[in-house]
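Peer 1: kindly return the folded structure for what I paste below:
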Amino acid sequence: MAEGMNFAADDGVTIVNHPLVQHKLSLMRRKDKSTAEFRALLEETALLLGYEAMKDLPTEMREVETPLCTTQTPELFGKKLCFISILRAGEGLLGAMLNLVPSARVGHVGLYRDEETLQPVEYLVKMPKDMAERTVIALDPMLATGNSAIAAIDRIKQAGARDVRFVCLLSAPQGVENLRKAHPDVPIITAAIDEKLNENGFIVPGLGDAGDRLFGTK
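Peer 2: Alright, predicted model coming up:
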């Protein structure tokens, strides 16, 4: 993490320091990892990030009959979930999230970064109609400048969402700070906050372009 930039859970930022998360992230950083290996590691890590992002979902006690007796056990209730994949790299997190909650609805916000201005350019928005009734988890492996995440969450809120969370694999201090300023009500769940951004807006030390490595377009 960059010196002088400190973030904590009570600031709305959770760094998932679980040894398995950190180990898998370290493997993904290696430039010699194949596309298949990178994709598998990202999916495995996304499961662990998903546990953290959804640890406070409400439950209610319901009666079930086990092979031995009838008992009361907790099951999810209340708001339904919606996962928003910020294209294209958000797809690398989406599958694992759906494995955790298969009944969740799915939306997409398509953005690409203008390499000269580093600003996001929107090309697709598709979301469920009842966003206000759902807990929404926005997904993007990388939080670099924060511009794409901010633009996507702007659109998610315009669709009516009131309970929004942002899950990413890797982030930069500038991106975290910018997203917290733009959307202070949106908690961030990430595996690590790296040192800085380079002159091209890439996270350093980072792991390269997550979309290229995920889809083999590097």
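
Peer 1: find me the pLDDT at the residue positioned nearest the centre of the chain, would you?
Peer 2: Centrality entry for the chain: nearest residue to the mean C-alpha point is residue 167, 2.1 Å, by C-alpha atoms, centre = their mean. The model reports residue 167 with a pLDDT of 98.

Peer 1: what do you get for residue 5?
Peer 2: Taking residue 5 on its own, its pLDDT is 48.

Peer 1: give me the number of residues near residue 33?
Peer 2: Residues near residue 33, counting by other C-beta atoms under 10 Å, number 17. For every residue, glycine as well, the C-beta is placed using N, CA and C.

Peer 1: my guess is it contacts residue 40, does it?
Peer 2: No. The criterion here is C-beta atoms under 8 Å, and residue 33 misses it with residue 40 at 9.6 Å.

Peer 1: so where does residue 112 fall, helix or strand?
Peer 2: strand 105-113 (DSSP states H and E).

Peer 1: next helix or strand past that strand?
Peer 2: strand 120-126.

Peer 1: sticking with residue 181, tell me its helix or strand.
Peer 2: helix 173-182.

Peer 1: and if you look at residue 213?
Peer 2: helix 210-215.

Peer 1: could I get the CA-only coordinates of that helix as PDB?
Peer 2: The C-alpha trace of helix 210-215 is given here as PDB (Å, rounded to 0.1, in the frame of the first residue of the first chain):
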ATOM      1  CA  ALA A 210      -7.100  -8.200 -16.100                       C
ATOM      2  CA  GLY A 211      -9.400  -8.400 -19.200                       C
ATOM      3  CA  ASP A 212      -6.600  -9.300 -21.500                       C
ATOM      4  CA  ARG A 213      -5.200 -11.900 -19.100                       C
ATOM      5  CA  LEU A 214      -8.700 -13.300 -18.500                       C
ATOM      6  CA  PHE A 215      -9.700 -13.600 -22.100                       C
END
